[in-house]
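In: no letters, just coordinates:
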């Protein structure tokens, strides 16, 4: 097996003797690349953002911004990254850096390298189109509103980047002033070539081991023999444990690049989503095919986190406040769990997500098992909604999350599934509320009655995010909010 190394700004750099828990941020800074900063160490500020070369749908490459503070550097073995230093220098500024300077988009400069990397990811996005493209006879920007620029720049590309002194208007102005990459731009030219292939990795440093198996079968065999090993996909959860709590794992198995865990198939009877497929990729590939997920995903952390985070990771932790479980519970999702038998034969079993959680951060997943995929049955419910109650609109943890999936025919509720998060030790189905809705007319009387039932679901507690009384009140009003929306929408539909 060849020596572990990462290509940084076009230069191959060895990982030899690097501790297995080391993040990409710490490794980069240790090699003099100090443009990436540590602001929060938990993926909320974006000061550490860097660009990662990832596979594009056309066989080429996409420059994907990710948080360097969360990614184990060995997860980048054989991969290619670009930091702020690789974009440009004071004598030869990159267009993104140039526009930031012209717009006054930087004061102290601490956050600027991260903004530049996130902005560059959007700058090189293949399907970004603006008004100048219309002048050339190409498709114009499809959207130009408060969150999209005339150049096609999606402001949500910066949703994971915080600035405490400049103010966001000049940063936004810089983003909206960007044109299209020039033909001779080396980072633009790089997009036409394939992204680096996954590299099998097996390193041991100071008694701790990091493994990236070559296949799912290899991963399952290792997990069978080492059931206490830590499974890592996007590391958006484990990275926080490493940084803020000093956690160290004796044995880590990285699975985010296994092809068997990265598929997405839309069939007649179900939609299957690989457990290690990044959430931003899920969002892009589904393209609104599952409206409930299309509503939930933009509210899940930030784009930087979604570029690494996965369904498997969000479900695997068993957290009661994850955003994906309520939505998947409302969709009636099932999980495919897989393991290796003693004869190395791969074994799969399918379980209802509603039966998966057994206690606080406890699940029915057995030692040696991992989540392979999420299966969402079709047809989908016709009326869906996702309500996330948090202190911030985006990039925040839910105090309460409620997902609805209803079928209403002839003014009567014929089916209902409601998923809840943040109101008990586990995510759960609001079964009593569902029973209070099914078979009854979809009118204000039914909704008010069912809302009282919903307000009593779960066992909400008080903590630093919200009181138990507030959580109960949010549950109580959620169904009324959904009903009001359906009434408004029905009036907007012409007879």
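Out: Received, thanks. Since we're looking at a predicted model, the values are computed, not measured. Numbers count the residues shown, from 1 in each chain.

In: could you measure from residue 226 over to residue 366?
Out: Counting by C-beta to C-beta, to the nearest Å, the separation of residue 226 from residue 366 is 14 Å. Bear in mind the C-beta positions are built from the backbone N, C-alpha and C, glycine included.

In: could you do residue 88 as well?
Out: For residue 88, the distance to residue 366 - C-beta to C-beta - is 51 Å.

In: between the two, who's got more neighbours?
Out: Per other C-beta atoms under 10 Å, whichever of residue 88 and residue 366 has more neighbours is residue 88, with 16 against 10.

In: can you give me the strands in the stretch 151-300 of the chain?
Out: Using DSSP state E, counting those that start in this stretch, the strands of the stretch 151-300 of the chain run over 201-205, 208-212, 230-232, 251-254, 264-266, 270-274.

In: over to the stretch 351-495 of the chain?
Out: Taking DSSP E, counting those that start in this stretch as the criterion, the stretch 351-495 of the chain carries its strands at 357-359, 362-363, 370-377, 383-389, 400-409, 412-421, 428-429.

In: of those, which is nearest residue 252?
Out: Counting by C-beta to C-beta, residue 252 lies closest to strand 370-377 out of the strands of the stretch 351-495 of the chain; the figure is 13.5 Å.

In: give the pairing partners of that closest one; include direction for each.
Out: With DSSP bridges as the test, strand 370-377 is paired with strand 270-274 (antiparallel), strand 334-340 (antiparallel).

In: make a markdown table out of the ones you listed and add mean pLDDT and distance to residue 194.
Out: Shown next, in a markdown table, are those (pLDDT from 0 to 100; distance: least, C-beta to C-beta, whole Å):
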| stretch | mean pLDDT | distance to residue 194 |
| --- | --- | --- |
| strand 270-274 | 98 | 20 |
| strand 334-340 | 98 | 28 |
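
In: with mean neighbour count and distance to residue 7 added, can I get those in TSV?
Out: Output for those, formatted as TSV (neighbours: other C-beta atoms under 10 Å; distance: least, C-beta to C-beta, whole Å):
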stretch	mean neighbour count	distance to residue 7
strand 270-274	21	26
strand 334-340	21	32
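
In: residue 100 is nearest to which of those strands?
Out: Closest to residue 100 of the strands paired with strand 370-377, according to C-beta to C-beta: strand 270-274, at 36.4 Å.

In: who's in contact with that closest one?
Out: By C-beta atoms under 8 Å, 6 or more residues apart in numbering, the surrounding residues in contact with strand 270-274 are 260-265, 282, 286, 289-290, 311-312, 336, 372-378.

In: can you flag the buried ones in the residues you listed?
Out: Buried by 16 or more other C-beta atoms under 10 Å: 260-262, 264, 282, 286, 290, 311-312, 336, 372-376, out of the contacts of strand 270-274.

In: and the two most separated of those residues?
Out: The most widely separated members of the buried ones among the contacts of strand 270-274, counting by C-beta to C-beta, are 260 and 290 (21.9 Å).

In: what mean pLDDT does stretch 212-232 get?
Out: For stretch 212-232, mean pLDDT is 97.

In: straight-line length of it, end to end?
Out: 10 Å (C-alpha to C-alpha, to the nearest Å).

In: residues making contact with that stretch?
Out: Stretch 212-232 has contacts (C-beta under 8 Å, 6+ apart) with 72, 74-75, 77, 198-202, 211, 238, 249-261, 316, 338-342, 344, 346, 367-370, 372.

In: now swap in stretch 420-435 and tell me
Out: Applying C-beta under 8 Å, 6+ apart, the external contacts of stretch 420-435 come out as 318, 320-323, 325-326, 329, 354, 357-360, 362, 398-403, 416-419, 450, 453-454, 456-460, 465-466, 471, 475, 479.

In: before we move on, the earlier item: dump the strands paired with strand 370-377 to CSV, plus distance to residue 50.
Out: Formatted as CSV, those follow (distance: least, C-beta to C-beta, whole Å):
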stretch, distance to residue 50
strand 270-274, 24
strand 334-340, 32
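
In: give the residue spans of the chain that score low on pLDDT.
Out: The chain contains residues with pLDDT under 70 at 1, 130-144, 492-495.

In: just give me the residue right at the centre of it.
Out: The chain has residue 306 as the residue nearest its centroid, 2.2 Å off, counting by C-alpha atoms, centre = their mean.

In: so which of the strands paired with strand 370-377 comes closest to residue 295?
Out: Closest among those, using C-beta to C-beta: strand 270-274, at 15.8 Å.

In: pull the distance from stretch 405-412 to the chain's centre.
Out: In terms of C-alpha atoms, centre = their mean, to the nearest Å, the centre of stretch 405-412 is found 31 Å from the chain centre.

In: what does stretch 473-490 give?
Out: For stretch 473-490, the distance to the chain centre is 27 Å (C-alpha atoms, centre = their mean).

In: start at 14, not 1
Out: In the new numbering, first residue 14, that becomes stretch 486-503.

In: buried residues, that stretch. List them.
Out: 486-492, 495-496.

In: can the strands of the stretch 164-313 of the chain go into JSON lines with extra columns for distance to residue 191?
Out: JSON lines is the format used below for those (distance: least, C-beta to C-beta, whole Å):
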{"stretch": "strand 214-218", "distance to residue 191": "36"}
{"stretch": "strand 221-225", "distance to residue 191": "36"}
{"stretch": "strand 243-245", "distance to residue 191": "34"}
{"stretch": "strand 264-267", "distance to residue 191": "34"}
{"stretch": "strand 277-279", "distance to residue 191": "30"}
{"stretch": "strand 283-287", "distance to residue 191": "33"}
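
In: can you check which of the ones you listed gets nearest to residue 137?
Out: Of all the strands of the stretch 164-313 of the chain, strand 277-279 sits nearest to residue 137, with 23.2 Å by C-beta to C-beta.

In: other SSEs contacting the closest one?
Out: Applying 3 or more C-beta pairs under 8 Å, 6 or more residues apart in numbering; DSSP states H and E, we find strand 277-279 packed against strand 283-287, helix 292-299.

In: show me how far it is from its chain's centre.
Out: Counting by C-alpha atoms, centre = their mean, strand 277-279 is centred 18 Å from the centre of its parent chain.

In: direction included, what does it pair against?
Out: Using DSSP bridges, strand 277-279 pairs in its sheet with strand 283-287 (antiparallel).

In: tell me what angle the strand it pairs with forms with helix 292-299.
Out: Interaxial angle of strand 283-287 relative to helix 292-299 (axes from the mean of the first three to the mean of the last three C-alpha atoms, to 10 degrees): 150 degrees.

In: not counting its neighbours along the chain, what's nearest residue 456?
Out: Nearest non-adjacent residue to residue 456, counting by C-beta to C-beta, 6 or more residues apart in numbering: residue 424, 7.5 Å away.

In: and if you look at residue 33?
Out: In space, and not counting its chain neighbours, residue 33 is closest to residue 223: 4.1 Å by C-beta to C-beta, 6+ apart.

In: how near is residue 441 to residue 323?
Out: 22 Å.

In: in terms of neighbours, single out the busier of these two.
Out: residue 323 (29 against 21).

In: quick one on the thing from earlier: and residue 199, which of the strands of the stretch 364-508 of the chain is closest to it?
Out: Across the strands of the stretch 364-508 of the chain, residue 199 has its closest neighbour in strand 383-390 (37.6 Å, C-beta to C-beta).
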